[in-house]
Structure formats: structure tokens, C-alpha cells
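Colleague: could you look at this predicted model? Sequence included:
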Amino acid sequence: MAQTGKRLKAARDSIDREMFYPADEAIKLVKAAAGTKFDETIEVAINLGVDPRHADQMVRGVATLPNGTGKSVRVAVFAKGDKAEEARAAGAEVVGAEDLAERVTNGEIGFERCIATPDMMPVVGKLGKILGPRGLMPNPKLGTVTNDVADAVEAVKGGQVEFRVEKAGIVHAGIGKASFSEDQLVANLKAFVDAINRAKPSGAKGAYMKKVAVSTTMGPGVKVDVASAVS
């Protein structure tokens, strides 16, 4: 344990907090600084030159990470009949209609992502005050209100992550695990950055992507040279 502690301290001390590293080098440093007790998530935080209080500066969308997130995601689907069966066959853990709405109303929210068929939205819409603040409300723009429920479930489980800019103009997400290879993490990072670029709102003025940083769950942040993180 002492040797492990020394190794981690040395790895963390090697990070220059003021330097902007190329993407591959930043990922290498973050992996080296990860602890060994559990497989830490590698996270990215991006500071954007937007004010999300203005509707034309809101940044929201989905990014598909080519190497997945390394995280098991529990998916709920509001659907009936054949669509419900399709959702179950695709791997959705929670499937239902009015019965599922009742469980959600009673505080049973055992899922991280939520999908609904269009015909179920009158039911789901009544759950807005519960699902909305948790970022779980299905949205057609994000592909989570759809009749193609099997494709939507597979996309979520295959590495699709939602993002939404916070009040301070920051977007963050998990892009993999410390056990991933450097190449896998760099590819995921670039896919996420590209998705943020594609989501640039019409009202964004001046520098859009101001700062990119990566870190582990418990580790220090490493600043990334923005140009190196763009595919």
C-alpha cells in the first residue's frame, strides 16, 4: 500500500495544473493518477462561452462514445403492447405504462435513463416535476421519444450520453473508466467534444469552447489543449 500511495502521489505531483496538455498526454496523466481500489470514472468538464439563461445559448444533446462508458445503465421505457415487448427484448430493465407512471409518482425511480413512445407522452408529461429535475424527462430532440424503442435502448446501453450545460456554462460527463486503454479514452473524449461543437447554439458569441479538463472521480484535473481534443 505504501508503494501504491507513493506511486499515486508521484503521478499527481507530475501534473502541472497550469499547463494545457495534448489530449493523449492528458489522458495518460489522468490514468496514472487513478487509484486502484476501484475502477474510477474518467470525467470531462468543458467551460463554454454561453449563458444558458438565454434560450438561444442553451447547449443540450447526446454524444455517442465509440467505446462506451464502462457503466451499466438501467433504462426505463414507457410503452404498451408490441413496443413494450421490443423494449424488453432490447434490454430495458423497467418497462410499463400507467403502472410505471404510478410507481414513479410513488418515488420508485430505479433507472438512469428514460425512453417513451409518442403515444405515452400524455402520461409521461404528468411526471415532469419528478423526472425533469433529475434529467430523466424523455425528449424527442434527444431521441428518447420515439417508436424505435429497441434502437433507443441499444443506443443508451451502447455508450450514448446526454449532456446539458449548467448555469455556470459548464458541461460535464463520464467518458469511460480508468481501466480503458488510452486510445479508447482519447476516442471517447474527441467524440464528446465533437458533439458539444455540433450543439453550438445560435446565440453563442466569441470563444465557444473556452476550456477542457479531464480528471478521475477522485483525482486532480488536467487541462487539455482544445485543438487536440477536436477530431
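Modeller: Okay, I see it.

Colleague: quick check: what element follows the least confident helix or strand in the chain by mean pLDDT along the chain?
Modeller: Sorting the helices and strands of the chain by mean pLDDT, DSSP states H and E puts helix 2-13 at the bottom, at a mean of 62. Counting by DSSP states H and E, the next helix or strand C-terminal to helix 2-13 is helix 23-32.

Colleague: show me how far whichever helix or strand comes after that next one is from its chain's centre.
Modeller: Once the chain leaves helix 23-32, the next helix or strand it forms, by DSSP H and E, is strand 41-48. Relative to the chain's own centre, strand 41-48 is displaced by 10 Å; criterion: Cα atoms, centre = their mean, to the nearest Å.

Colleague: which neighbouring elements make contact with strand 41-48?
Modeller: Here strand 41-48 touches helix 23-32, strand 170-177, helix 182-198, strand 209-216, going by 3 or more Cβ pairs under 8 Å, 6 or more residues apart in numbering; DSSP states H and E. The C-beta positions use only the backbone N, C-alpha and C, and glycine is treated the same way.

Colleague: and of those, who's closest to L127?
Modeller: L127 sits nearest to strand 170-177 of all those, at 24.1 Å, using Cβ to Cβ.

Colleague: can you pull the buried residues of that closest one?
Modeller: Along strand 170-177, these residues count as buried under the neighbour rule (16 or more other Cβ atoms under 10 Å): V171, H172, A173, G174, I175, G176, K177.

Colleague: for that strand, packing partners?
Modeller: On a contact count with 3+ Cβ pairs under 8 Å, 6+ apart, strand 170-177 meets strand 41-48, strand 160-164, helix 182-198.

Colleague: dump the ones you listed to a markdown table, plus mean neighbour count and mean pLDDT.
Modeller: What follows is those, written out as a markdown table (neighbours: other Cβ atoms under 10 Å; pLDDT from 0 to 100):
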| stretch | mean neighbour count | mean pLDDT |
| --- | --- | --- |
| strand 41-48 | 22 | 96 |
| strand 160-164 | 19 | 91 |
| helix 182-198 | 20 | 96 |
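
Colleague: among these, which is nearest D24?
Modeller: helix 182-198 (5.3 Å).

Colleague: and the angle from the closest one to strand 41-48?
Modeller: For helix 182-198 against strand 41-48, the angle by axes from the mean of the first three to the mean of the last three Cα atoms, to 10 degrees is 30 degrees.
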